[in-house]
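S.K.: Whatever this is, show me its structure:
(chains A, B and C)
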Amino acid sequence: MLWVGMKQKTLEDLFDSFLSKQSFFISKQALQDTYTPDTVPHRNEQINQLAAILAPGLRGDRPSNVFIYGKTGTGKTLVSKFVCQELESKAIKQNTSLKTLYMNCKMEKINTPYRLLARFLSFIDIEVPPTGLPTDEIYKIFLREINKVGGVFTLVLDEIDTLVETDVLYNLTRINTELTNAKISIIGISNDLNFTNNLDPRIKSSLSEEELVFPPYNAIQIQDILLDRAKIALSPTSIGEGTIAKCSALAAQEHGDVRRALDLLRVACEIAERNVDIKVNEEHVDEAMRKIDIDRVVEIVKTQPRQSQIVLYSIIYLKELNKNEVATGEVFEVYHNLCKQIGLVPLTQRRVSDLISELDMLGVINSLVVSKGRYGRTRKIKLDMTPVALEKTSEILRGELL
DNA sequence: CTTCCACAGGAAGGTCTGGCGG
DNA sequence: CCGCCAGACCTTCCTGTGGAAG
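M.R.: Numbering: from 1, shown residues only, chains lettered A, B, ... in the order given. As a prediction, the model looks like this:
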């Protein structure tokens, strides 16, 4: 698929033409989302607001807690990191004891008080075992050490949504009352705009003393940002007419997600480079779009535990019988038979129901609870992937399971 | 209007793994 | 080695419920 448009050549020809061509990339990192640019365009307002909220930390006062909302790729993480960096360097200059600490709750799997405290402690160079100790033991260590170090701490909790089920947030809001020598303020970042709706009102009012909303970027802004990055990342001769505009337009359609635009451009370049084409053009972007989608699905499917894979395969199996929308009961039945065939002990329907929810959250299926009146209440379950991705998934699962 | 289906999804608790300090 | 701990993963038991059928 990646070799679309390439005629049959000898390998020697291929290598020659590859070498004779300048690489598309000057610095690929600039298109990756780990990259932190020197400036953050179109986010001045948010930067200033956040800086104003955090500034009291420079006088040794505890800044208000902040809640930041905005969809993915709207610059929340970037702005937070940027402001924190500036704040810290200012603090160092004037010799204030102020530290900022960033953690991504989802990626670092910080979903229990224990882990949050452990992570915090490792930040001030105290290592504690990852498990084994009682939580209140860790808490005691935490209080002791944090008071020893002292000063103002600004804690950035990215993707704070993952903490909502647990009592982490509640404990966090109370932590300051136990501190004698240190002050902690919290920046919570969420891409779920309704996040605080189902939050305990006390936690809500405490955590969102201030709120910032990051609106999506529009197509022009995305293009602007993309051009900036492309200047750093790519050789100018390699970018075809309209390529950047197309990436921007597609990302703007999505929901103003810059990360998406950057991914599109980067993958499009990789495809073009592999094809030994001269420039990245709009077709490469289309191809990139497909590839990103497939890669996403494949990655999820592969890393799913066996039982979950069987559940997904059951849904695919039903789809192949031309049943587009299926109910939980049907899936469970197929799943049950499949387990027996493979020789695995099947899980209960209760558990399978949860697995279906998880697959829904991962975005490989779509499920909606509907009532069919007399015929009960169940989920309508649909696959949520492109035909190509579906084919690939089916292939992988068949390989893994049978 | 009531009934009643086919589940959703909460609560509590069990089992297992990996790790602790003594 | 022991008793204990956190956390992942499941089971059991349970109450709740939207709306077509009667």
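S.K.: what's the distance between residue A:204 and residue A:169?
M.R.: 9 Å (CB to CB, to the nearest Å). Every C-beta, even on glycine, is put in place using the N, C-alpha and C of the backbone.
S.K.: what's the overlap in contacts for these two?
M.R.: Counting by CB atoms under 8 Å, 6 or more residues apart in numbering, residue A:204 and residue A:169 have no shared contacts at all.
S.K.: Over to the closest residue to DNA strand B within the stretch 101-250 of chain A. Which of the three states is it?
M.R.: Closest approach between the stretch 101-250 of chain A and DNA strand B, counting by CB to the nearest atom of the strand: residue A:132, at 2.2 Å. Put simply, residue A:132 is coil when judged by DSSP: H, G, I helix; E, B strand; the rest coil.
S.K.: neighbours around it, how many?
M.R.: Residues contacting residue A:132 under the criterion other CB atoms under 10 Å number 7.
S.K.: so what's it up against?
M.R.: No contacts exist for residue A:132 under CB under 8 Å, 6+ apart.
S.K.: Tell me how many other residues surround residue A:345.
M.R.: 7.
S.K.: helix or strand for it, which one?
M.R.: Using DSSP states H and E, residue A:345 sits in no helix or strand.
S.K.: roughly how far apart are residue A:244 and DNA strand C?
M.R.: 41 Å (CB to the nearest atom of the strand, to the nearest Å).
S.K.: Need phi/psi at that residue.
M.R.: phi -60, psi -40 (degrees, to the nearest 10).
S.K.: residues touching the nearest residue to it once chain neighbours are set aside, list them.
M.R.: Take residue A:244 and drop its neighbours on the chain: the residue closest to it by CB to CB, 6 or more residues apart in numbering is residue A:226, 5.3 Å away. By CB under 8 Å, 6+ apart, the residues touching residue A:226 are A:244, A:247-248, A:258, A:261-262, A:265.
S.K.: Any of those residues buried? List them.
M.R.: Neighbour-count burial (16 or more other CB atoms under 10 Å) applied to the contacts of residue A:226 gives A:244, A:247-248, A:258, A:261-262, A:265.
S.K.: coming back round to it: between residue A:204 and residue A:169, point out the one with more neighbours.
M.R.: Remark: of residue A:204 and residue A:169, residue A:169 carries more neighbours, 22 against 16, as counted by other CB under 10 Å.
S.K.: before we move on, back to that, could the buried ones among the contacts of residue A:226 go into TSV alongside pLDDT and secondary structure?
M.R.: Output for those, formatted as TSV (pLDDT from 0 to 100; DSSP: H, G, I helix; E, B strand; the rest coil):
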residue	pLDDT	secondary structure
A:244	93	helix
A:247	95	helix
A:248	95	helix
A:258	95	helix
A:261	95	helix
A:262	94	helix
A:265	94	helix
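S.K.: Now stretch A:323-334 - C-alpha only, CSV.
M.R.: Only the C-alpha atoms of stretch A:323-334 are listed here, as CSV (Å, rounded to 0.1, in the frame of the first residue of the first chain):
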residue,chain,number,x,y,z
LYS,A,323,-25.6,-7.9,11.5
ASN,A,324,-24.5,-4.4,11.8
GLU,A,325,-26.0,-3.6,15.1
VAL,A,326,-26.0,-6.3,17.8
ALA,A,327,-27.1,-6.5,21.4
THR,A,328,-25.0,-7.5,24.4
GLY,A,329,-26.8,-10.9,24.7
GLU,A,330,-25.9,-11.8,21.1
VAL,A,331,-22.3,-10.9,21.6
PHE,A,332,-22.1,-12.9,24.8
GLU,A,333,-23.6,-15.9,23.2
VAL,A,334,-21.1,-15.9,20.3
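S.K.: returning to that earlier point: take the contacts of residue A:226 and write them to a markdown table, including distance to DNA strand B.
M.R.: Formatted as a markdown table, the contacts of residue A:226 follow (distance: CB to the nearest atom of the strand, whole Å):
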| residue | distance to DNA strand B |
| --- | --- |
| A:244 | 42 |
| A:247 | 37 |
| A:248 | 37 |
| A:258 | 33 |
| A:261 | 34 |
| A:262 | 35 |
| A:265 | 38 |
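S.K.: Per-residue pLDDT of the residue of chain A found nearest DNA strand B, please?
M.R.: Closest approach between chain A and DNA strand B, counting by CB to the nearest atom of the strand: residue A:376, at 1.8 Å. Among the per-residue scores, residue A:376 shows a pLDDT of 95.
S.K.: Check residue A:29 too.
M.R.: The score at residue A:29 is 86. That number is its pLDDT.
S.K.: Who are the contact partners of it?
M.R.: Counted by CB under 8 Å, 6+ apart, residue A:29 has contacts A:35, A:233.
S.K.: what about it, distance to DNA strand C?
M.R.: 31 Å.
S.K.: Check the secondary structure at that residue for me.
M.R.: At residue A:29 the chain is in helix, as set by three-state DSSP.
S.K.: how much space between it and residue A:398?
M.R.: With CB to CB as the criterion, residue A:29 and residue A:398 are 37 Å apart.
S.K.: And DNA strand C, is the top helix by length along chain A touching that?
M.R.: Longest helix in chain A, counting residues (DSSP state H): helix A:282-303. No: Helix A:282-303 lies out of reach of DNA strand C by CB under 7 Å from any atom of the strand, never closer than 10.8 Å.
S.K.: now for that helix, which elements pack on it?
M.R.: Under the contact definition 3 or more CB pairs under 8 Å, 6 or more residues apart in numbering; DSSP states H and E, helix A:282-303 sits against helix A:243-254, helix A:258-274, helix A:387-401.
S.K.: if we compare these, which one ends up closest to residue A:200?
M.R.: Of all those, helix A:258-274 sits nearest to residue A:200, with 31.2 Å by CB to CB.
S.K.: residues touching the nearest residue in space to residue A:393 that is not next to it in sequence, list them.
M.R.: Residue nearest to residue A:393 in three dimensions, not counting chain neighbours: residue A:301, with 5.0 Å by CB to CB, 6+ apart. For residue A:301, the contact set (CB under 8 Å, 6+ apart) comprises A:309, A:312, A:364, A:393, A:396-397.
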